[in-house]
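Engineer: Fold the stuff below for me.
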Amino acid sequence: MNFKISDLTNKKKTELIDIALHILKEKHKKNDIDSNDYLIRAFKNEEEVYLTFKRWIRCIPKNNPNQKVIYEFTIELIATRCLPLDGLSIKDFYQPSKSDIKTIAFVKKYFGNLNPAFLHSIYETDNQFILERVNTSSFSRYIINKVTKQTSVDMETSFAPEIRPALDNVTLWIEILS
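Structural biologist: The predicted model follows:
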């Protein structure tokens, strides 16, 4: 698949996602992702169209919480690059195991549905799951007991609003929303 910017500028976001997933599958055959598991944003300028994929439900490895795992990646449609995946071992890319899928189902059942406006990280201990939720304005942590299935609030807080400085001489990227 070789595209020029003129081929992509009038495409809808869903079409761009399909193209990006095709590039991912061609370059990294073992990566089979469900786009519903990702917060996907699309951007364009006069030279490139790229999509960012951010996994919004993450299971953190129980025995190695500091393990290097890739939960986010970017696909450039003109350059046909998958960053940072092109330079990394496929084992670094997070794909949920059967155990992770069960953990996510348990958390959804006893916490409630998870909102894609938040990034959710699930940690497991011997007797509980810890669910951390964060977005640009808040952070919260909940404890779900594995035995009693009771959910309790450990922490909830809000962040100060983000203030961004004006930037000069930057390439304008326009987000594609639909």
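Engineer: Any buried residues in stretch 145-157, and which?
Structural biologist: Neighbour-count burial for stretch 145-157, with 16 or more other C-beta atoms under 10 Å as criterion, is recorded at Thr151. To be clear about C-beta, it is placed using only N, CA and C from the backbone, and glycine gets the same treatment.
Engineer: Mind listing residues that contact that stretch?
Structural biologist: By C-beta atoms under 8 Å, 6 or more residues apart in numbering, the surrounding residues in contact with stretch 145-157 are 106, 110-111, 127-130, 138-144.
Engineer: what does stretch 107-127 give?
Structural biologist: Outside stretch 107-127, the residues that reach it (C-beta under 8 Å, 6+ apart) are 39, 54, 56-60, 62, 65, 103-104, 129-135, 142, 144-147, 149-151.
Engineer: Write a ChimeraX command that selects only the buried members of the residues you listed.
Structural biologist: Remark: buried members of these, expressed as a ChimeraX selection using 16+ other C-beta under 10 Å:
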select :54,56,57,58,59,60,103,104,129,130,131,132,133,142,144,151
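Engineer: Leaving out the residues flanking it, which one is nearest to Lys68?
Structural biologist: Asp92 (5.8 Å; C-beta to C-beta, 6 or more residues apart in numbering).
Engineer: related to what we said a few turns ago, I'd like to know which of the contacts of stretch 107-127 are part of strands.
Structural biologist: Among the contacts of stretch 107-127, DSSP state E puts 39, 54, 57-59, 129-134, 142, 144-145, 151 in strands.
Engineer: For this structure, give me the ranges with low pLDDT.
Structural biologist: Within the chain, the stretches with pLDDT under 70 are 30, 65, 88-91, 162, 164-171.
Engineer: Which residue ranges of it form helices?
Structural biologist: Under the criterion DSSP state H, helices of the chain are mapped to 5-8, 13-27, 98-111.
Engineer: what helices or strands is the longest one leaning on?
Structural biologist: Meaning helix 13-27. strand 38-44, strand 49-55, strand 72-76, strand 81-83 (3 or more C-beta pairs under 8 Å, 6 or more residues apart in numbering; DSSP states H and E).
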